[in-house]
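> show me the folded form of this:
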Amino acid sequence: MGNLSDYLSWRGDLSLNTVPVTPVDALIFSILSYLNFEGIVPRDTMNPIPLHVAADAFLSLADAQDRIRVKNDLQVLRAVANTPRFQNVRLCFYRSKLIPEEETQFAALAFLLDDSTAFLAFRGTDYSLVGWKEDFNMSFQDSVPAQREAAAYVTEFAENHPVLLRLGGHSKGGNLAVYAAAKVNPILQKRILEVYNLDGPGFTEAMMNDAGYLSIVPKIQTYIPQSSIIGMLLDQRDEYRVIKSRQVGLLQHEPYSWEIQAGSFEFAEDISSTNRFVDKAISSWIRDMTPKEREAFVDAT
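Below you'll find the model as predicted:
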């Protein structure tokens, strides 16, 4: 039973040119997107900063503890900053937006990789009420502000940096990555190599039938834990793989509970029977509500 520390010990000395991006790498980039790099990582693409330099600056901040999601995020930052695989990855195009009156919570970060590609990582739900409200809004709105921000983010980055792209995120960040990949123009969509959805919720029926979404489905890699609740919400056409977790129930949504063996996640055959029952019950309940009923429920929650 391994974890991210074991992965970095096993693969950290191998460059991204030697061993291309893996789903576990995608998880690491997604975890780093949770960090508040405001004032450290540039907002443009012209002056990227090496990861090890960004890490040193972040760890020296007096308020570093207030800029993280969980304490393990700092451990990962320290570890990747000292591994040949990640330390010279360059960071840029940092964005963060929290607008309560618009029920918008969005953040993203670009990683320029040694293989001349870029990984665009989208932050999942933070601890703000705005972030959670926006998640619930996904159940009755065909798009929410953060999703539209994500599509605009990818378009703007691609216009300024003509490289092949990978997109990804954990939780809502995975949903944003998929939405952005589906909504960019077809020419840009061809530059996308992979989209990593790490236990992110699905979409409304309208989105599921969208031409852009259907065309990007073959490039989506979805990973969920055995007792996934968040990742099984709403609908998804892409197939998923199930990761073993050391936790139970909702706690499995925490990526630090996911098991890793050598260079890959440790996979289970399928989600648990209990979780499948819960998923069917929740999905049926959501589908039977009208959009107005869903909105009223969310506003009352």
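
> in a strand, A121, correct?
Yes. Per DSSP: H, G, I helix; E, B strand; the rest coil, A121 lies within a strand segment.

> quick one, what contacts it?
By CB atoms under 8 Å, 6 or more residues apart in numbering, the residues touching A121 are 29-30, 32-33, 108-111, 167-169, 173. For the C-beta atoms, the positions are set from N, CA and C on the backbone; glycine is no exception.

> pLDDT weak spots in the stretch 51-200 of the chain?
For the stretch 51-200 of the chain, the stretches with pLDDT under 70 are 99-103, 126-142.

> tell me where it has strands.
Taking DSSP state E, counting those that start in this stretch as the criterion, the stretch 51-200 of the chain contains strands spanning 90-99, 104-112, 117-122, 164-170, 192-198.

> straight-line length of stretch 56-73, end to end?
14 Å (CA to CA, to the nearest Å).

> next, the buried residues of stretch 159-178.
Using 16 or more other CB atoms under 10 Å as the burial criterion, the residues of stretch 159-178 that qualify are 161, 165-178.

> max pairwise distance over those: which two?
Taking CB to CB as the measure, the buried residues of stretch 159-178 span a maximum distance of 25.8 Å, between H161 and S171.

> residues contacting the residue lying closest to L164 once chain neighbours are set aside?
Leaving aside its sequence neighbours, L164 sits nearest to T117 (CB to CB, 6 or more residues apart in numbering; 4.6 Å). Applying CB under 8 Å, 6+ apart, one finds that T117 lies in contact with 21, 163-166, 193.

> distance of T117 relative to T222?
Distance of T117 to T222, given as CB to CB, to the nearest Å: 20 Å.

> tell me, how many neighbours does V70 end up with?
Residues near V70, counting by other CB atoms under 10 Å, number 13.

> I'd guessed it sits against Y256; true?
Yes. Counting by CB atoms under 8 Å, V70 does reach Y256; the two are 7.4 Å apart.

> hmm, S33 is touching L109, no?
Yes. Look at S33 against L109 with CB under 8 Å: they come within range, at 4.8 Å.

> shared neighbours of the two, anything?
Common neighbours of S33 and L109 (CB under 8 Å, 6+ apart) are 121, 123.

> Provide a list of residues in contact with the residue nearest to the spatial centre of the chain.
Centroid-nearest residue in the chain, with CA atoms, centre = their mean: G169, separated by 0.8 Å. By CB under 8 Å, 6+ apart, G169 lies in contact with 30, 33, 121-124, 175-177, 196-198, 200.

> switch the cut-off to 7 Å
Applying CB atoms under 7 Å, 6 or more residues apart in numbering, we find G169 in contact with 30, 33, 121-124, 176-177, 198, 200.

> need those residues in a markdown table with distance to P84, can you?
Listed next are the contacts of G169 as a markdown table, based on distance: CB to CB, whole Å:
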| residue | distance to P84 |
| --- | --- |
| S30 | 21 |
| S33 | 22 |
| A121 | 20 |
| F122 | 26 |
| R123 | 26 |
| G124 | 28 |
| L176 | 30 |
| A177 | 26 |
| L198 | 24 |
| G200 | 30 |
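
> which one of the residues you listed is nearest T45?
For these, the residue nearest T45 by CB to CB is A121; the value is 14.7 Å.

> find the nearest non-adjacent residue to the closest one, please.
Closest residue to A121 apart from its sequence neighbours, by CB to CB, 6+ apart: S33 at 3.9 Å.

> neighbours of the one you found, how many?
Applying other CB under 10 Å, we find 26 residues neighbouring S33.

> ok, the helix or strand containing I224: who's next to it in the sheet?
Element membership for I224, per DSSP states H and E: strand 220-225. Partner strands for strand 220-225, per DSSP bridges, with pairing direction: strand 192-198 (parallel), strand 240-243 (parallel).

> how far does it sit from the chain's center?
Here strand 220-225 is found 11 Å from its chain centre; the criterion is CA atoms, centre = their mean, to the nearest Å.
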